[in-house]
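Participant: please find the sequence and the predicted model below.
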Amino acid sequence: MKTKIKILAHRGGLDRAPENTIASFRQAFEDGADAFECDVRLTKDQEPIIVHTGFNEDSIQEVTGCTSPLSELNWVDVQKLKVLDSSEPVAHLDEVLSFVKESGLPCFIEPKENANNLIPLLVERIRQFDLVDKVGILTFYSRNELLVQVKQIEPEIQTSAIIINPMANLLKKAEAIDVNRIVIGWSKINHFGIYNAITHSLIRKVRRLKAKGIAVEGGFVRTRRDVEWLLQHEIGGLWVDDVPKIRGFAGV
């Protein structure tokens with residue numbers, strides 16, 4: 001069964017431009033990505049900004065060099081920061097949504113904290129920009145309450161759950177929280193190798209998901225071998241850091 005592969009830019013494609021910046025999202029668009037992902041946190045004054053942190057972790061030093069905890073920074077403070085080794089500013093969510101509106105390039109947002117007001121705020125902003133059909137929410141299955149909350153507020157927003165466990169019953173987990181997409185992998189270890197060693201039933205699981213209208217994606221995809229393995233297993237989307245390189249490997 002031939003699958004049309006989509007190439008999806010992780011943090012905008014962080015091997016091609018400074019991660020999570022408007023520049024990276026524009027680069028992803030120019031590179032022919034089918035969508036991009038970004039991470040969102042709230043400032044002290046509850047403004048949504050685009051920055052990668054550990055989940056519920058307060059430090060943005062690794063990304064910006066700023067030693068002040070994010071919980072002590074207002075948006076006016078963050079506006080003075082640059083992403084390390086670049087002249088790119090930290091973006092506000094509204095800038096990203098404006099870019100999506102302008103370009104038509106779909107976006108998946110990963111909430112990097114479980115603040116009570118974050119999901120309602122994200123849904124409100126997505127609605128304000130009339131982007132319910134273009135902007136989805138993505139996170140690990142272990143934080144699936146965030147995805148459930150999205151669907152409770154706005155059922156039309158697409159949700160994606162990242163599942164690392166190769167033995168998981170993917171369809172059962174997907175249907176339990178009404179997600180539109182399952183992403184396998186997303187770990188720093190050789191997760192595709194582990195899938196290959198532990199389970200020989202992935203194609204069957206993928207076909208069951210797709211028969212129910214649930215898309216299946218894989219990440220991170222870094223090598224030709226990763227691409228070949230995922231194509232063999234009929235995965236429909238590849239989350240990547242370098243769109244042109246992986247597009248070349250996939251022959252699309």
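Facilitator: Now that the structure is in, tell me what you want to look at. Residues are numbered from 1 along each chain as shown.

Participant: can you give me the strands in the stretch 151-252 of the chain?
Facilitator: With DSSP state E, counting those that start in this stretch as the definition, the stretch 151-252 of the chain shows strands at residue ranges 159-163, 181-185, 215-221, 237-240.

Participant: okay, those strands, which one's buried deepest?
Facilitator: Burial of these is given as mean neighbour count (mean count of other CB atoms under 10 Å); strand 237-240 ranks first at a mean of 26. Where C-beta positions appear, they are placed from N, C-alpha and C, glycine not excepted.

Participant: just the CA trace of the strand or helix carrying Glu124, in PDB.
Facilitator: In this structure, Glu124 is located in helix 118-128 according to DSSP states H and E. Backbone C-alpha positions of helix 118-128 (Å, rounded to 0.1, in the frame of the first residue of the first chain) are rendered in PDB as follows:
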ATOM      1  CA  LEU A 118      -3.100  27.600  28.900                       C
ATOM      2  CA  ILE A 119      -5.400  25.300  26.900                       C
ATOM      3  CA  PRO A 120      -8.400  27.700  27.100                       C
ATOM      4  CA  LEU A 121      -6.100  30.500  26.000                       C
ATOM      5  CA  LEU A 122      -4.700  28.500  23.100                       C
ATOM      6  CA  VAL A 123      -8.200  27.600  21.900                       C
ATOM      7  CA  GLU A 124      -9.400  31.200  22.200                       C
ATOM      8  CA  ARG A 125      -6.500  32.500  20.200                       C
ATOM      9  CA  ILE A 126      -6.900  29.800  17.500                       C
ATOM     10  CA  ARG A 127     -10.600  30.800  17.200                       C
ATOM     11  CA  GLN A 128      -9.800  34.500  17.100                       C
END
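
Participant: which elements pack onto that helix?
Facilitator: In this structure, helix 118-128 makes packing contacts with strand 35-42, strand 48-50, helix 93-103, strand 107-111, strand 135-140, helix 144-153, judged by 3 or more CB pairs under 8 Å, 6 or more residues apart in numbering; DSSP states H and E.

Participant: pipe those into CSV and attach mean neighbour count per row.
Facilitator: Formatted as CSV, the entries for the helices and strands packed on helix 118-128 read as follows, by neighbours: other CB atoms under 10 Å:
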stretch, mean neighbour count
strand 35-42, 24
strand 48-50, 23
helix 93-103, 18
strand 107-111, 23
strand 135-140, 23
helix 144-153, 18
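
Participant: avg pLDDT for the helix holding Glu124?
Facilitator: Summarised as a single mean, pLDDT over helix 118-128 is 99.

Participant: between strand 107-111 and that helix, find me the angle.
Facilitator: Regarding helix 118-128 and strand 107-111, their directions subtend 160 degrees when assessed with axes from the mean of the first three to the mean of the last three CA atoms, to 10 degrees.

Participant: which outside residues touch helix 118-128?
Facilitator: Helix 118-128 is contacted from outside by 40, 42, 46, 48, 93-94, 97, 109, 111, 132, 135, 137, 146, 149-150, 153-154, 157, using CB atoms under 8 Å, 6 or more residues apart in numbering.
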